[in-house]
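Undergrad: okay, predicted coordinates and the sequence, questions at the end:
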Amino acid sequence: MDTEWHFFVMILASFLLFFAVFRLVLSKEEFTSKKTQLVTLSFLVVVAGMLFGKYSATFGLPWWIYYPVPMLVTVLLPPLILKMNKRKTLYYLLLSFLSAPFIHAFFSFFFEWTEYMPFWKIPSLKSLLD
């Protein structure tokens with residue numbers, strides 16, 4: 001079964017959730033005035049990060065490169081670029097760290113797509129109903 005398209009659906013879901021994290025962390029005025037920066041950051045952090053991770057693993061780079069690099073970009077870039085204060089940075093970090101497991105749990109549970117975080121086993125709704 002061809003599951004390559006799952007990756008692009010997960011990128012879209014991750015992008016939307018990441019953008020929603022910004023909406024929760026920033027004030028309405030900040031969010032509105034920095035929308036272009038937020039879209040750019042979301043593309044860099046989510047889309048570029050996920051593509052880097054996937055294709056680095058595919059091309060044989062060691063895990064200690066393709067896991068930490070996107071994670072460091074996710075952790076460091078938005079607070080620095082957006083000049084977040086400590087409270088907003090902590091709130092952002094909490095939500096951004098929770099977003100990956102949330103997406104994995106959602107797709108694993110409802111669709112049986114386990115490739116987002118394959119090391120974490122989530123039973124699917126279908127398996128629980130069978």
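TA: Done, it's in.
Undergrad: all helices of this protein, in order?
TA: Counting by DSSP state H, the chain has helices at residues 4-25, 28-33, 35-42, 49-58, 63-66, 68-81, 86-111, 125-129.
Undergrad: ok, which of those comes nearest residue 117?
TA: Taking C-beta to C-beta, helix 86-111 is the member of the helices of the chain nearest to residue 117, at 4.1 Å. C-beta coordinates here come from the backbone N, C-alpha and C atoms, glycine included.
Undergrad: by contact count, what packs against that closest one?
TA: Packed against helix 86-111 by the contact rule (3 or more C-beta pairs under 8 Å, 6 or more residues apart in numbering; DSSP states H and E) you find helix 4-25, helix 68-81.
Undergrad: reformat those as TSV; add mean neighbour count and distance to residue 31.
TA: Converted to TSV, the helices and strands packed on helix 86-111 look like this (neighbours: other C-beta atoms under 10 Å; distance: least, C-beta to C-beta, whole Å):
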stretch	mean neighbour count	distance to residue 31
helix 4-25	16	6
helix 68-81	16	13
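Undergrad: out of those helices, which gets nearest to residue 100?
TA: helix 4-25 (7.7 Å).
Undergrad: ok and that closest one relative to helix 86-111, angle-wise?
TA: 150 degrees (axes from the mean of the first three to the mean of the last three C-alpha atoms, to 10 degrees).
Undergrad: so how far is helix 4-25 from its chain's centroid?
TA: When distances are taken as C-alpha atoms, centre = their mean, to the nearest Å, helix 4-25 is centred 6 Å away from the chain's centroid.
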